[in-house]
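Undergrad: Got a sequence here, can you build the structure:
(chains A and B)
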Amino acid sequence: MNELLDPLLLSRWQFGLTTIYHFLFVPLTIGMALTIAIFQTAWFRTGKAHYLQLTHFFGKIFLINFAMGVVTGIVQEFQFGMNWSDYSRFVGDVFGAPLAFEGLLAFFLEATFIGLWIFGWDKLPAKLHLATIWIVAVASTLSAYFIIAANAFMQNPVAFRINEEKGRAELTSIWELLTNPVALAAFPHTIFACFMVSAGLIITVAAWHLSRNQNLETMRPALKFGLWSMVVSGALTTLAGDQLSLAMVASQPMKMAAAEALYETSTGAAASFSVFTLGTPDGVHELFSIRIPYLLSFLSTHTFDGTVEGINNLQEQYQTLYGPGDYTPIIWVTYWSFRWMIGLGILHIFVAMVGLWLTRKGRMPTNRWVWRAAIWSFPLSLGAMILGWVFTEMGRQPWLVFGLLQTEDGVSPGVTGLEVLISLTLFTLVYGSLAVVEFRLIKKAAMEGPAVPAEPDEETGKPLVHTTVY
Amino acid sequence: MDLAVLWFGIIAFFFIGYFVLDGFDFGVGMSMPFVSKDDTDRRVVINTIGPVWDLNETWLIVAGASLFAAFPEWYATLFSGFYLPLLVILLALILRGVSFEYRHQRPELAWKRRFDRMIIWGSAVPAFLWGVAFANIVRGVSLNSDHDYIGSVFDLLNPYALLGGFTTLLLFFTHGAFFLALKTDGQIRDRSRALATRAGLLSIVVAAAFLAWTVLDFGTLPAMVLALAAAVTLVASVLANVRGREGLAFGLMASTIALAVLTLFASLFPNVMPASNDPANSLTVANASSSPYTLQVMSWTALVALPLILVYQGWTYWVFRKRVTRSHIDGSADPGVERTVEVAH
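TA: Purely as a prediction, here's the structure:
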């Protein structure tokens, strides 16, 4: 019973679940906003009807998804104070500023111009209306920068001094905070991964229609677009991920060691990357593994004879530095989430490259397994993204702010286990049922396919679009 | 000037923005069952706030984040102390928000009615609980020396706070009915006006009681002046509505809400979260605020961003200034509408 009502454990579960849930909607919002902006620009420039159809079709899916992103986002902001009040007191002076910037400089823009885009089709000149969706795309990307800068402070605290009297961290330079090396690498890695997820959605939807030989006029260009964006953003995600792992090794060597379940410090060929391991889940006893020599050394240092620090050495160092305690994350979580993130990501770049080859010069594959593989693009690329966040947040444990504040010291002292149990239960129920509705609605919208374009207005030549959307 | 005091004012400004704007969204949601006879009516009602509800709700996000950045101690104490009421507000806002987007996704009436109920309750519950929360802030709660709330959730449901809850509920309800009268036409407009008068009269009684209690128990001289001004604009708004001055009625109600929020903040100052058990444990503008450097960075950002924000948000309301009618929704004519209204496209 005590275990069940431990506010720390329950708060961690709640934050983990609500954050993962929120992040199911974020990458689509960011990635799809840009995609729709591109389709609408193509229509604006060429006047070809199928681009307008694609704009509306993916716009509809985008909006079903958008509302969920907004309302679950409020929970994220409130939870710092609700469940992690001592954390909020400790970091608010530093961490609060990027959150306020996010609201003032990005969310207001995004929320205002999304309304103008949805309801403004016949109220704004075409050029201005096109600008609204670009503003939404830029603002949602900007919001990601601020929240990643805030998160980077938790991974690699910079630009602060400790005020002993107040018992908190205080900001010393906003510029240094916003140019945290971890943020500079994590931002492109996350953003391009968002584009991979939205490319995954386009591939999935287009492949589903094309495999049924329907909506060819719109879905062929959509598939081409999805495949290209997957390959390009996949390559960029990989490059940025490489930079991020360098920044990670510099600031949190324990996370890299935990990603690899590397217990002993290794150099050169011994610093190998295991592609697959059969063994006890904690990685202590290895039964069988496929290893690529030198690769871990290269990932961590960009040299083949580099040294990668192992968990045991780091644990010793940290005990000297921070006092007795266990400074190791849960190894099986970091080990497998890291692998599956990379594996699924690379798989999708590969699937997209094969797809580009098979559809070259207007060809259409007939093998149903090819289509099936394509249809899995969206769920699996979304999965890769989620695993990336699970890795980066679980790999930070037991720290809330690395080296400064442990997770157990950040939880709200005044909130009882029962209260958190109530909230965790209600969030699970509400989020669970909304997920079912959301999934069905998106599936329905996706399967219906693009609507037939309306005849343009006789007098003005403008296409007719309903403005009373709700 | 002390930047912490400036930020106390800016936080008040953000909450005024939030309550004035999302306040009428709540009111529109609550008014929906009273002013609509069929699904087309309900769609008219929802479309009046369609383009703006998300942006209005963003004021809450900005208010919350600014509280976190400028007054971390206040944010931490308030949000952890009012854990369960805030949880209920969050869940209500979630259900209301998705309902706007989900209800029109399927044509079946049963499907729509389910989301209509979520819109109604998802509007009424936060409208009530925000009043409860703010009344408790003004009244003070039990805090220990670490500024953590040590009361229970039932302590928050005291008579003064409940009266505060009914006050915001009724003010927002009337505000939303004014907004509907201003933004619709025909029978919905007539019904909204009649509803606003009834709700307005009731809110005069309740709000007067609440403001008087606030001023008598916690008030300062500025708070008293502000409360009086709020009472005057409230009565004036109901009179304006009776005389058919819809824009004026709405504007006066917006001023009432702004003045009521100012009354609460003026009663608080220089505290931000008074401790009712021991004044030494109170959170004040001075001991709850961030460092001067952080406040400076925030001030510059707000100075640059706020004028722009007000311009583009004002412009949005101007773009969507026309009344929404039944003919916009399904082309059907409303016998009550004079055909002078220009029909879009």
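
Undergrad: Which strand or helix spans the residue lying closest to residue B:14 once chain neighbours are set aside?
TA: Nearest residue to residue B:14, sequence neighbours excluded (C-beta to C-beta, 6 or more residues apart in numbering or on different chains): residue B:63, at 3.8 Å. All C-beta spots, glycine's among them, are computed from the backbone N, C-alpha and C. Secondary structure assignment for residue B:63, by DSSP states H and E: helix B:53-70.

Undergrad: ok, now residue B:174?
TA: helix B:159-183.

Undergrad: just for the chain, where's the confidence low?
TA: No chain specified, so I'll use chain A. A:1-3, A:276-287, A:453-468 (pLDDT under 70).

Undergrad: um, chain B though
TA: B:1, B:331-345.

Undergrad: Let's see that with 90 instead.
TA: B:1, B:107, B:215-221, B:325-345 (pLDDT under 90).

Undergrad: Nearest spatial neighbour of the residue of it found nearest chain A, chain-adjacent residues omitted?
TA: For chain B and chain A, the shortest gap (C-beta to the nearest C-beta) falls at residue B:72, measuring 2.3 Å. Sequence neighbours aside, residue A:92 is the residue nearest to residue B:72 in space, at 2.3 Å (criterion: C-beta to C-beta, 6+ apart).

Undergrad: check contacts around the one you found.
TA: Shown in contact with residue A:92 (C-beta atoms under 8 Å, 6 or more residues apart in numbering or on different chains): A:168, B:68, B:69, B:71, B:72, B:73, B:75, B:76, B:290.

Undergrad: that older thread, who are the neighbours of the helix holding residue B:174, in terms of helices and strands?
TA: In terms of contacts (3 or more C-beta pairs under 8 Å, 6 or more residues apart in numbering or on different chains; DSSP states H and E), helix B:159-183 is packed against helix B:3-35, helix B:39-49, helix B:109-139, helix B:187-218, helix B:221-242, helix B:246-268.

Undergrad: Export the ones you listed as a markdown table, with columns for mean neighbour count.
TA: Below are these laid out as a markdown table (neighbours: other C-beta atoms under 10 Å in any protein chain shown):
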| stretch | mean neighbour count |
| --- | --- |
| helix B:3-35 | 23 |
| helix B:39-49 | 24 |
| helix B:109-139 | 21 |
| helix B:187-218 | 20 |
| helix B:221-242 | 19 |
| helix B:246-268 | 23 |
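
Undergrad: Serialize those helices to CSV and add fields for distance to residue A:125.
TA: Shown next, in CSV, are the helices and strands packed on helix B:159-183 (distance: least, C-beta to C-beta, whole Å):
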stretch, distance to residue A:125
helix B:3-35, 27
helix B:39-49, 22
helix B:109-139, 33
helix B:187-218, 30
helix B:221-242, 36
helix B:246-268, 27
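
Undergrad: one step back: going C-terminal from the helix holding residue B:63, what's the next secondary structure element?
TA: By DSSP H and E, the next helix or strand past helix B:53-70 is helix B:72-81.

Undergrad: and the angle for the helix or strand just after that next one with helix B:53-70?
TA: Using DSSP H and E, the next helix or strand after helix B:72-81 towards the C-terminus is helix B:83-102. For helix B:83-102 against helix B:53-70, the angle by axes from the mean of the first three to the mean of the last three C-alpha atoms, to 10 degrees is 150 degrees.

Undergrad: Would you mind listing the buried residues in helix B:83-102?
TA: Along helix B:83-102, these residues count as buried under the neighbour rule (16 or more other C-beta atoms under 10 Å in any protein chain shown): B:83-87, B:89-102.

Undergrad: Also stretch A:416-424?
TA: A:417, A:419, A:420, A:421, A:423, A:424.

Undergrad: How much space separates the fifth one from residue B:150?
TA: In this structure, residue A:423 and residue B:150 are 19 Å apart, going by C-beta to C-beta, to the nearest Å.

Undergrad: got it, and the last one?
TA: Residue A:424 sits at a distance of 23 Å from residue B:150 (criterion: C-beta to C-beta).

Undergrad: And for residue A:133?
TA: Taking C-beta to C-beta, one finds residue A:133 at 50 Å from residue B:150.

Undergrad: Of those two, give the one with the bigger neighbour count.
TA: residue A:133 (26 against 16; other C-beta atoms under 10 Å in any protein chain shown).

Undergrad: which ones are touching the more buried one?
TA: So residue A:133 contacts A:33, A:36, A:37, A:40, A:113, A:117 (C-beta under 8 Å, 6+ apart).

Undergrad: Now name the helix or strand holding it.
TA: Per DSSP H and E: helix A:126-155 holds residue A:133.

Undergrad: Number of residues surrounding residue 185?
TA: Answering for chain A, as no chain was given. 22.

Undergrad: Sorry, I should have been clearer: chain B.
TA: 21.
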